[in-house]
Every structure is written in C-alpha cells, then in structure tokens.
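predicted structure and sequence below. I'll ask about it afterward.
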Amino acid sequence: MAKQIKKQRIKVPEQDPVARIHNFNEVALGYTWDLAVEEASRCLKCPYSYAPCIKGCPVNVNIPGFIQKILERDIKGALEVIHTTNSLPGITGRVCPQEEQCEMNCVMGKLGDKINIGKLERFVADEARKQGIYPDIPQVEKKGKKVAIVGSGPSGLTAAADLAKMGYDVTMYEALHEGGGVLIYGIPEFRLPKEIVRYELKFLKMLGVKIVTNVVIGKTFSLYELLDEYDAVFLGTGAGTPKFLNLPGVNLNGIYSANEFLTRINLMKAYQFPEYDTPITKGKRLAVIGAGNVAMDAARSALRIGYEEVYIVYRRTREYMTAREEEIKHAEEEGVKFMFLVSPIEFIGDENGNVKVLKLIMNELGEPDSSGRRRPVPIPGTEFGLEVDAVVFAIGQKPNKVLYQEVPELKTTKWGTLIVDEKYRTTMRGVFAGGDAVRGEATVVLAMGDGKKAAKAIDEYLNGEPWPEEIKPANFW
Ligand code: FAD
Ligand code: SF4
Ligand code: SF4
C-alpha cells in the first residue's frame, strides 16, 4: 500500500508572545531532529532538473538533495549540499522571504501545505553548528591574483566566499567594527541571533578571506588606492543612508531613523546604558512610521526595550504593507498597535527639544500610483495628535555616497544606486558591484545571488574577458 503523505506542515515551536516581549531571545525555536525528519518526509524529492523550488531560489540551493540527507540523518552531508551554492544557510533559513522564493512553486502546494524549506535549511545549519561541523575546505590551486571586497553584508560575503573557493586572494574591507552588514547591525537578535552570523563568518576566514574592519573606503583609503593594489574590486556597500520626511520638527530629540535605532540596540546594546555607553530614548509610547520588515523590527525591538505602547503608523491599509506576513503576525501577537490610513504632518516638542506629539492626518485611498498601489489622499480637517516619547522612521534607505563622491568614473542612477551591466560591471574598469548598492533595498538572498554572479564575472574578467567600451545598464527589477 502506498505511503500516505502528510498534508499539513509540521509546526515550528515558538516562544510564547507574553514571555518573549521581555527578552531578545529568538522567537522561532526551530525543529528538533524528529520534527525535521517528519517535515522532510513530506517532500516529493522532485528531480534536480525539474524541481521548481530550486528555480525559485536566487542561489539555486539543491533543496531535494539536502532534504534527502536529512532523511538519512547525515548532517554533514546536508550541509555540504547546501554549501555548494549557499555559504550562509543559518541566515537564509531564518530571514529569506521563502514564501516568495523557494517555497512559492513547491508542488506539494497542490496536495496540501508547501514544504517548510526555510526551516529545514535552518535546522541543518543549527544542528551542524551545535556539533561544530563545517563543510570541508576545497583544495584549489592559487590563482596569484588579488580581489578587494568593500562591505561585508551578504553580497560581499558571498562574492568573497566564491572567489576564495576559486583560488583568489580575497580581502574584505568593512566600515564598522564587526563584519556582517545588516545581518549584524540591522536585523534584531530575536530574528537572527548574532552567534549564527559569527559562526557562518568564521567559515569565510577558514577559506582564507581576510576581513579588515574599521576601514571606510572613500575615507581611510580611496577606491583608486584599492585599484592600485588589487586586480579587481567588488562594491557591496549596501543602502545604509536613511530617508526622512522633511516635516516641521523632524530634528527634535527622540526622532530616529530605523537604522540608527536598531544599530544602537543590536550593536551597541543601548538599552543597557550606562553599562554600555550609547544611550537611547526610553519612555512609554513610541511610533514607527512605515510598514515594511524594518518597521516591524523597530516596533518589536521597542517593546523589548520597555516601551509599553508601540504604534505602526502607515498611510495605506494592511493589504499594502510590504512586511512579510510572518513578521506582521508576530508583531500583532506581541501587542504592536497598527494605525492605518494616517500620515505624519508635524512633530511637536517640549521646552527641552524632545519630541512629545506626532501630528497625523487621516487618508482615504485614491487612484493607483505608478507602483500600482492606490495613492493615499489626506482628508482635510482630520488632523489629530498622538502623544509620543520617541519616533522611528522606517520609510526606506538609499546608498551612502562616501565611496563614490570623489570618483567621477562611477556613474549612479537618479536614486543614487550604482549603474552596472548584466555582468555586474560598473562604469569603472575593474570595479564590480551588487546587492543593495545596486538594487536600492532588496533582500539578503538577492544580495547573495548578486555576489555569486559577480564573483563569476570577476573570474571571467581576470581570465582575460575584455572590459566593454560602454556599460549597458541592466535592470534587476
Ligand atoms: P549590507 O548588508 O547593507 O552591507 C553593506 C556593508 O557595507 C555594511 O556593513 C556597511 O557598513 C559597509 N560599507 C558601506 N560603505 C562602506 C565603505 N565605504 N567602506 C567600507 N564598508 C562600507 N532582507 C531579507 O531578506 N529578510 C529580512 O528579514 C530582512 N530584514 C531586514 C531588516 C532590517 C532592519 C534591514 C535594514 C534590512 C532587512 N533586510 C532583510 C534587507 C537585507 O538585509 C539587505 O537587502 C541586505 O543586507 C543587503 O546586503 P548588501 O550586501 O547589499 O549590504
Ligand atoms: Fe529558500 Fe533562501 Fe534557502 Fe534559497 S537560500 S532555499 S530562497 S531559504
Ligand atoms: Fe520537495 Fe517541493 Fe522541492 Fe518538490 S518542489 S523537491 S516537493 S520542496
């Protein structure tokens, strides 16, 4: 008799919402061995050449391949399969928007729930870490050529790993005091524990990649100096400059960009001031302007540092929110309050220059704008004030210009992103770029996919492929 396939997903245990808003421990606890094997046994093991899940993954992880190894209880084997194309599985297993990528076209969706690929990938990485297992280091012939990587976020890390595996001598420069980019300073501990990032970064060091921190290219060294020393350069400098709304009172104390707010919490432990020396405004009520993943991270972090009432202030309705459904659900469970169809118009401060009131106006939805989403239209006479102790802007970010401003050869778009062609070549010979520096804001795995393809293009260039006379801008969207 044919074996019955379980239609429902095996649930992942989570920390209780009441308890978790008082700590920074991870929310999703992950599968145990038995749960992972049960979920893995639901996979139909589609053939490699056909599997739609592999096609949906920007770094083409061999998903049925690693799931088979879980069923064989071979953790090193499963890790080796994933690492063939993805050096950061503990990270991607946690933060990839899997529902829009690998899981989107999973054929199990026709019979029941799709396979929980992300949580299985995370399981492999976690179990390997618990046992101190890393993949074998490939023995490759050294190429005798040097590549510099600027920025240690997922695009830079992936380019570095792939180039090191090909035999290049790779050095990575990072402006902050620790490598990892947004993975370290942006995404909070309760979604991505930093020990995971550090463990996966160690593998890069094992591959021979040198990571030099506290160096800002464009200040400490120029791009020209890097090009004198290295045969090629990859720019994975991200999009770390926050956007604000130019409203009256926007410079009051207690108004933060999400980047600053999260960096103070994640990297500088600001909530433990004065034990750690970076303060952060403490109070009762905080409003976050925006409705993406970054806004959810800021709101949920605010609850954990002691704010009693945290509001998401969004100008459209819930269906237009860009945050992942899982993040919205977690925020709701934790008690974050959502205010829809409202826009900020002014910030009012007290006599000491601290923000006290966020003035808002109500909207209705009008005709669709160029993005296809219905435009919020303010309703005159509906202004009102929300008393606050702090406000966080999470309305998007753009690339930082420190590196490019003195380099006229590097051309950018009107949004400040670097222009590259389909082989990630910038307008400057020998310089490649990828990730948020090129896309604006994207995702971890898209940045990794860029790093991977750029590494291949760098290898081709260093093996004699001519640099084009003219760079034809690619469109990655
Ligand atoms: P980054 O990760 O931004 O790294 C760039 C690095 O370059 C930084 O460390 C920076 O310090 C360094 N740098 C910049 N300029 C210089 C210079 N001149 N010299 C030296 N170093 C320099 N994506 C997801 O897929 N899932 C999520 O859940 C998710 N959540 C997010 C939450 C937050 C709070 C934020 C901010 C982003 C989130 N993202 C998420 C988006 C994702 O993190 C980014 O798309 C991704 O990190 C981009 O990678 P990157 O390599 O291009 O750059
Ligand atoms: Fe899915 Fe991301 Fe893993 Fe690819 S890297 S298989 S998209 S979780
Ligand atoms: Fe398994 Fe779904 Fe991928 Fe098929 S599409 S191999 S069922 S995860």
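All right, it came through fine. Ligands and ions are numbered 1, 2, ... in the order given.

what does the pLDDT read for residue 2?
pLDDT for residue 2: 54.

with residue 243 instead?
Residue 243 is assigned a predicted lDDT (pLDDT) of 89.

ok, and the closest non-adjacent residue to it?
residue 396 (4.7 Å; C-beta to C-beta, 6 or more residues apart in numbering). (C-beta placed from N, C-alpha, C; glycine too.)

where is the longest helix in this protein?
Of all segments of type helix in the chain, defined using DSSP state H, the longest is helix 444-462.

circling back: the residue nearest to residue 243 is in contact with residue 442, isn't it?
No. Using C-beta atoms under 8 Å, residue 396 is not in contact with residue 442; the gap is 11.9 Å.

number of residues surrounding the residue nearest to residue 243?
By other C-beta atoms under 10 Å, 16 other residues sit near residue 396.

list the contacts of it.
242, 243, 290, 292, 440, 441 (C-beta atoms under 8 Å, 6 or more residues apart in numbering).

thought residue 425 was touching residue 460?
No. Assessed by C-beta under 8 Å, residue 425 is found out of contact with residue 460, at 10.3 Å.

and the gap between the closest residue to residue 341 other than its chain neighbours and residue 123?
Leaving aside its chain neighbours, residue 341 sits nearest to residue 363 (4.6 Å; criterion: C-beta to C-beta, 6+ apart). Distance, residue 363 to residue 123, using C-beta to C-beta, to the nearest Å: 43 Å.

neighbour-wise, which of these two wins?
residue 123 (28 against 20).

state the helix or strand in which the more buried one lies.
Following DSSP states H and E, one finds residue 123 within helix 117-130.

that helix and ligand 1 in contact?
No. If you take C-beta under 6 Å from any ligand atom as the test, helix 117-130 misses ligand 1, and the best it gets is 10.6 Å.

and that helix, does that touch ligand 2?
Yes. Helix 117-130 is in contact with ligand 2 by C-beta under 6 Å from any ligand atom, via 117, 118, 121.

on that earlier part again, pLDDT of the longest helix of the chain, averaged?
96.

so which residues on the stretch 351-477 of the chain come close to ligand 1?
Counting by C-beta under 6 Å from any ligand atom, the residues of the stretch 351-477 of the chain close to ligand 1 are 400, 402, 403, 435, 436, 437, 441, 442, 443, 444, 445, 447.

Throw these into TSV and include neighbour count and distance to ligand 3, thanks.
Output for these, formatted as TSV (neighbours: other C-beta atoms under 10 Å; distance: C-beta to the nearest ligand atom, whole Å):
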residue	neighbour count	distance to ligand 3
400	19	38
402	15	42
403	23	40
435	35	26
436	28	28
437	31	32
441	18	28
442	21	24
443	21	20
444	27	20
445	24	16
447	30	23
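
rebuild these as JSON lines, extending it with distance to residue 25.
Output for those, formatted as JSON lines (distance: C-beta to C-beta, whole Å):
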{"residue": "400", "distance to residue 25": "32"}
{"residue": "402", "distance to residue 25": "35"}
{"residue": "403", "distance to residue 25": "36"}
{"residue": "435", "distance to residue 25": "29"}
{"residue": "436", "distance to residue 25": "28"}
{"residue": "437", "distance to residue 25": "32"}
{"residue": "441", "distance to residue 25": "27"}
{"residue": "442", "distance to residue 25": "28"}
{"residue": "443", "distance to residue 25": "24"}
{"residue": "444", "distance to residue 25": "21"}
{"residue": "445", "distance to residue 25": "25"}
{"residue": "447", "distance to residue 25": "26"}
